[in-house]
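Chemist: here are the coordinates; sequence isn't available:
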């Protein structure tokens with residue numbers, strides 16, 4: 001049975017991603033900063049008859065918490081097939097490039113960028129034991145520098161400085177990580193789940209959590225001939241599914 005670890009998975013897109021992966025036969029370790037909320041999420045899935053899931057306490061902003069989670073997971077499995085870096089924060093609003101204090105940038109980057117790096121490196125040894133390891137970095141269409149430079153883009157005026165910068169950095173990390181591991185069986189991609197109605201945006205998005213999670217899952221279960229080092233976005237590129245960087 002393949003295994004997956006999802007950060008920030010006790011609600012919204014992460015939770016639905018866990019549900020869909022369990023339904024596809026994966027054993028999912030549901031990462032949650034608050035273990036009680038993680039346990040509640042697991043209980044909900046188990047009530048639906050989905051039992052291949054366990055909570056893992058992990059705060060991606062805290063290296064000691066990440067190390068502790070790695071130790072716990074290592075006691076449960078020697079192989080991790082899928083890592084989904086889903087945890088993320090928008091930061092306080094408004095966010096302008098000229099006036100927002102650097103402390104807000106640092107806070108957002110700590111979760112959306114540095115947290116991803118630290119989690120990925122902490123679990124890399126378990127991923128290397130998988131014959132077909134997959135890493136999915138959940139990004140945003142707002143991380144596209146190309147589109148942010150195009151006045152005709154539908155989200156051109158939406159530029160929360162801290163969030164945009166953090167996701168653009170995450171996209172860059174995805175590219176260099178995929179290049180690092182290009183001669184292995186790793187598939188490493190960034191996925192924009194789309195503008196989805198979640199707590200993250202006060203349920204303002206038009207998309208459903210189910211559709212958003214399906215996009216993430218698609219990248220998580222790529223076969224050996226699947227792409228790596230790509231930026232998937234049905235929202236930004238409905239015809240090809242590949243967003244410009």
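Modeler: Great, that's in hand. Just so it is clear, the model here is predicted, and its values are computed rather than measured.
Chemist: now do the strands in the chain.
Modeler: 3-6, 27-32, 53-57, 82-85, 134-138, 187-192, 231-233 (DSSP state E).
Chemist: export these to JSON lines and tack on distance to residue 172 and mean pLDDT?
Modeler: Glycine gets a C-beta too; all of them are placed from N, C-alpha and C. Output for the strands of the chain, formatted as JSON lines (distance: least, CB to CB, whole Å; pLDDT from 0 to 100):
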{"stretch": "strand 3-6", "distance to residue 172": "22", "mean pLDDT": "98"}
{"stretch": "strand 27-32", "distance to residue 172": "23", "mean pLDDT": "98"}
{"stretch": "strand 53-57", "distance to residue 172": "27", "mean pLDDT": "98"}
{"stretch": "strand 82-85", "distance to residue 172": "14", "mean pLDDT": "99"}
{"stretch": "strand 134-138", "distance to residue 172": "11", "mean pLDDT": "99"}
{"stretch": "strand 187-192", "distance to residue 172": "10", "mean pLDDT": "98"}
{"stretch": "strand 231-233", "distance to residue 172": "10", "mean pLDDT": "98"}
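Chemist: now do the contacts for residue 241.
Modeler: Contacts for residue 241 (CB atoms under 8 Å, 6 or more residues apart in numbering) come out as 232-234.
Chemist: how close does it get to residue 210?
Modeler: Distance, residue 241 to residue 210, using CB to CB, to the nearest Å: 18 Å.
Chemist: just checking, residue 122 touches residue 64?
Modeler: No - here residue 122 does not reach residue 64: they are 10.9 Å apart, not a contact under CB atoms under 8 Å.
Chemist: if we can go back for a sec, who wins on neighbours among the contacts of residue 241?
Modeler: In terms of neighbour count, residue 233 stands highest of the contacts of residue 241 at 25 neighbours, by other CB atoms under 10 Å.
Chemist: thought it was touching residue 192?
Modeler: Yes - the pair residue 233 and residue 192 qualifies as a contact (CB under 8 Å) at a distance of 3.7 Å.
Chemist: what sits in contact with each of those two?
Modeler: 141, 243.
Chemist: pull the number of nearby residues for residue 96.
Modeler: For residue 96, the neighbour count with other CB under 10 Å is 11.
Chemist: so what's the residue nearest the centre of the chain up against?
Modeler: Geometric centre of the chain, nearest residue: residue 86, 2.6 Å, by CA atoms, centre = their mean. Neighbour list for residue 86: 6-9, 13-14, 17, 138, 216 [criterion: CB under 8 Å, 6+ apart].
Chemist: which of these has the largest number of neighbours?
Modeler: residue 9 leads the contacts of residue 86 on contacts (other CB under 10 Å) with 32 neighbours.
Chemist: buried residues, the top helix by length along the chain. List them.
Modeler: Secondary structure of the chain read by DSSP state H shows that its longest helix is helix 161-180. Of all the residues in helix 161-180, those buried under the rule 16 or more other CB atoms under 10 Å are 161-171, 173-175, 177-178.
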